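Peer 1: Here is a sequence with its predicted model. Questions after.
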Amino acid sequence: MIYLCGTNLESKGGFASINLEEICDAKLSDNVNLVIEAGGTKKWQTGGITNGKLTRLHVEDGEMLIDEECPSASMGASDTLSDFISWGASEYPADRYMLVFWNHGGGSLFGICQDELFNEDTLSLKEVEAAIVDANVPLEIAGFDACLMSSLETAETLQGYAHYMVASEETEPGAGWDYTEWLEYLSENAGCDGKKLGSVIVDSYMNKCAAYDEESMATLSVTDLTKLPGLSAAFRNYSGELVLSTQNSSDFQAIVQGAVQSESYGERSGDEETFDMVDLGDLMNNTGGILTKNSDDVLKELDKVVVYESHGAYRSKASGLSVFYPKYIDNDIYHSYEQITDNTAYLEYASIMNGDWDEGAWETAWQEAYEDHNSEDVSSGGFFDSFFSSDDSGDEYTSGGFIDSFFGSDNNENSINIFQDLNPVQPGDEEIKFEQFLDDDNILNLNITSGLNLVKDVRFSILFEQDEENLLYMGCDTDINADYDKGEFSDNFRGTWMTIGGEFVCAEVIDSTDDYDLYIIPAYVNDEETYIRAVYEFDREAFRVLGTYDGADENTNLSGRDIHPLKKGDKVDFIFYSANIMSDDDEDPEEEITGSIIWSDDTEMLDEEMADGRFYYMFEIVDIFGNETDCDPVIMEIKDGEMYSYEVE
């Protein structure tokens, strides 16, 4: 069963039609029925589907045959999905059922299936769960031919209703899965289980991405949802220790810094909403120095759950499942996450990260959670079983859990006081103080003299002085000399900046790993506004342009489908942002086009020497709560090929 919500992927790019053609090209055996519900788009590029209707059809002998046309309804509504599942199972009964969601995805926070005809209505994870529960059709595979949906939260939504999940941690190319390849395998091996079929979907997808030169950022994995309870319980134990670690500023800082270094998915520029999705395994590896026992348990259980996965070179830390992590949290993001989880400890950690922690509210929340745990309406298993259950449960993660093992309490009812008496670090507990100076070698030094334990990150931004009133923002980077233990930082500015095809670009670093930095560059490509993604590989000491990425829909926050490689002949206009520093008005920077190129096969991204001029260089300090402190800028002036540094008068 394919829930084909075409949206702008179809109306603008015809991507659904491409996959429908692949489906019709597959030689299906009598042992396989393939049914589709098509809707959610303003215009179908393929024949045989009526615009403005919900069309139910099946594929037979390479043709799409309409079973029925239903009145238009939102594919972002739970009952629309439920009706389709029930209809498919009733009209085409089978030994095994597979449900594929086809559309944009927005990770754990923003769900899937944006309907272009119904005000961009979208299925949240709760709505997906409600639909599957209502339809009451057990699934061998729940698949997501969409971006960002291979998360712990998605898996927990499906657990108990599907055996396997096939999904991607990262964005997916618009061309999506290779339907011909895996459908023909299924037709020849109709008795195979979801694990084997899922591995064929993964391999054929990665091969298709390679054929389109889009494999470097691709991910896809198969997870066994029957193994998920152990992982969920281990992560809840991890969450409990995570909350308690916030009472010590150095531990809190180490965890936040580790989380920031974890591989992130769907990252966008800093002024947009974020998906806040990081790789679960990488998060455990990067925070294990503080939360060793519980992070090791999560990794052990994760290895059982993810039974097959593949990833490209620039998603090298992908383990198969991501998880929400509150890197850039605000109230809206917090409340979105609150709707999809009952992990009280992790919610409290998110609240602390949001700088919105309320002692009384969380005392009440913990008491209510404990009472719910002991009520007859709540099933056993999960967080409070891990913390409070009796020793006769017999489950590795539901007896002698986190509280007992760390605090030796035999009185489970009183263990809740550990969380009710929490005293976490909060914004304003200590002020970040610093001093900066130019040394004898004209190097800008920054020393953090107070509040070092609250510092998450230090980077720099650079602006070009166009004239006495206007500055042109050129971007930000992490290319500095840094000693976080001592709180000592200095500039590594060499009078060079990033260019593409010989034109300077406005580049922002959005993700850093041990292997590479990932950048985003605003541009118009063939007069369409977009972002260029590029990486700097440390081992090669070289840049590589990956392609263009449109970001997320401003209304739904669902991710753009893919990264499009730039093609020979593409016209690229590079966007910068200019601000008047003499104006008292709080105006948005103005967009400027400062350079254009025609893409060719030998176009390169390089670090090149900048022309003579004055550049404002400014350190930025980001604390563990995401608050930014801009240090005073200094002027780096390039004159006759020499560089001079001095303070702004």
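Peer 2: Yep, it's here.
Peer 1: domain ranges for the protein?
Peer 2: Listed by automatic domain parsing, the domain ranges of the chain are 2-228, 433-647.
Peer 1: Any idea which of the ones you listed gets closest to residue 326?
Peer 2: Minimum separation from residue 326 across the domains of the chain (Cβ to Cβ) falls at domain 433-647, 8.6 Å. All C-beta spots, glycine's among them, are computed from the backbone N, C-alpha and C.
Peer 1: Straight-line length of that closest one, end to end?
Peer 2: 19 Å (Cα to Cα, to the nearest Å).
Peer 1: returning to what we had before: go through the domains of the chain and pick out the most buried.
Peer 2: Stretch with highest mean neighbour count among the domains of the chain: domain 2-228 (a mean of 21; mean count of other Cβ atoms under 10 Å).
Peer 1: Mind putting the domains of the chain into CSV with distance to residue 304?
Peer 2: Below are the domains of the chain laid out as CSV (distance: least, Cβ to Cβ, whole Å):
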stretch, distance to residue 304
domain 2-228, 5
domain 433-647, 25
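Peer 1: List the residues that contact residue 220.
Peer 2: The contact partners of residue 220, taken as Cβ atoms under 8 Å, 6 or more residues apart in numbering, are 150, 166, 167, 168, 201, 202, 205, 206, 309, 310, 311.
Peer 1: Do I have it right that the first one meets residue 320?
Peer 2: Translated: residue 150. Yes: Residue 150 is within contact range of residue 320, at 6.7 Å (criterion: Cβ atoms under 8 Å).
Peer 1: where along the stretch 101-250 of the chain do the strands fall?
Peer 2: With DSSP state E, counting those that start in this stretch as the criterion, the stretch 101-250 of the chain has strands at 112-115, 121-123, 139-145, 162-167, 219-224.
Peer 1: what's the closest of the domains of the chain to residue 338?
Peer 2: Of all the domains of the chain, the one in closest proximity to residue 338, counting by Cβ to Cβ, is domain 2-228 (10.5 Å).
Peer 1: Could I get the average pLDDT for the closest one?
Peer 2: Across domain 2-228, pLDDT averages out at 95.
Peer 1: how near is residue 84 to residue 60?
Peer 2: Distance, residue 84 to residue 60, by Cβ to Cβ, to the nearest Å: 19 Å.
Peer 1: Among the strands of the stretch 101-250 of the chain, which comes closest to residue 345?
Peer 2: Across the strands of the stretch 101-250 of the chain, closest to residue 345 is strand 219-224 (Cβ to Cβ), at 22.9 Å.
Peer 1: Centre of the chain to the closest one, how far?
Peer 2: Remark: strand 219-224 is offset 16 Å from the chain centroid, using Cα atoms, centre = their mean, to the nearest Å.
Peer 1: Each with direction, which strands does that strand pair with?
Peer 2: strand 162-167 (antiparallel), strand 306-311 (antiparallel) (DSSP bridges).
Peer 1: which element is residue 68 on?
Peer 2: Assigned by DSSP states H and E, residue 68 falls within strand 63-70.
Peer 1: Would you mind confirming that residue 166 is in contact with residue 201?
Peer 2: Yes: Residue 166 is in contact with residue 201 according to Cβ under 8 Å; the separation is 5.4 Å.
Peer 1: anything in contact with each of those two?
Peer 2: Contacts common to residue 166 and residue 201, judged by Cβ under 8 Å, 6+ apart, are 143, 220, 222.
Peer 1: Distance-wise, check the residue nearest to the last one when sequence neighbours are not counted relative to residue 14.
Peer 2: This means residue 222. Spatial nearest neighbour of residue 222, excluding adjacent residues (Cβ to Cβ, 6 or more residues apart in numbering): residue 198 at 3.5 Å. Distance of residue 198 to residue 14, computed by Cβ to Cβ: 27 Å.
Peer 1: Also residue 507?
Peer 2: 32 Å.
Peer 1: Where do the helices of the stretch 101-250 of the chain begin and end?
Peer 2: 107-110, 125-135, 152-158, 179-188, 194-211, 228-245, 249-260 (DSSP state H, counting those that start in this stretch).
Peer 1: before we move on, back to that, give me the residues contacting the strand holding residue 68.
Peer 2: 20, 24, 35-36, 48-50, 53-59, 91.
Peer 1: Repeat the analysis, applying 10 Å as the threshold.
Peer 2: Residues outside strand 63-70 that contact it (Cβ atoms under 10 Å, 6 or more residues apart in numbering): 20-21, 23-24, 34-39, 46-50, 52-59, 80, 83-84, 87-88, 91-92.
Peer 1: Mind checking which of those residues land in helices?
Peer 2: With helices taken from DSSP state H, the overlap with those comprises 20, 21, 23, 24, 80, 83, 84, 87, 88, 91.
Peer 1: so who does the nearest residue to the third one once chain neighbours are set aside touch?
Peer 2: For residue 23, the nearest residue in space outside its immediate sequence neighbours is residue 179; the separation is 4.8 Å by Cβ to Cβ, 6+ apart. Contact analysis of residue 179 by Cβ under 10 Å, 6+ apart lists 2, 18-26, 34, 100, 102, 145, 201, 204-205, 208.
Peer 1: average pLDDT for stretch 638-646?
Peer 2: The pLDDT scores in stretch 638-646 average 91.
Peer 1: Endpoint to endpoint, that stretch covers what distance?
Peer 2: Terminal-residue distance, stretch 638-646 (Cα to Cα): 12 Å.
Peer 1: can I assume residue 371 sits in a helix?
Peer 2: Yes: counting by DSSP: H, G, I helix; E, B strand; the rest coil, residue 371 is part of a helix.
Peer 1: If I look at it, what pLDDT would I see?
Peer 2: Per the predicted model, pLDDT is 80 at residue 371.
Peer 1: Let me know the distance separating it from residue 344.
Peer 2: To residue 344, residue 371 is 12 Å away according to Cβ to Cβ.
Peer 1: So between the two, which is more surrounded?
Peer 2: More crowded of residue 371 and residue 344, by other Cβ atoms under 10 Å: residue 344, with 24 against 12.
Peer 1: Strands of the stretch 301-450 of the chain, residue ranges please.
Peer 2: Going by DSSP E, counting those that start in this stretch, the stretch 301-450 of the chain shows strands at 306-311, 322-324, 433-438, 444-450.
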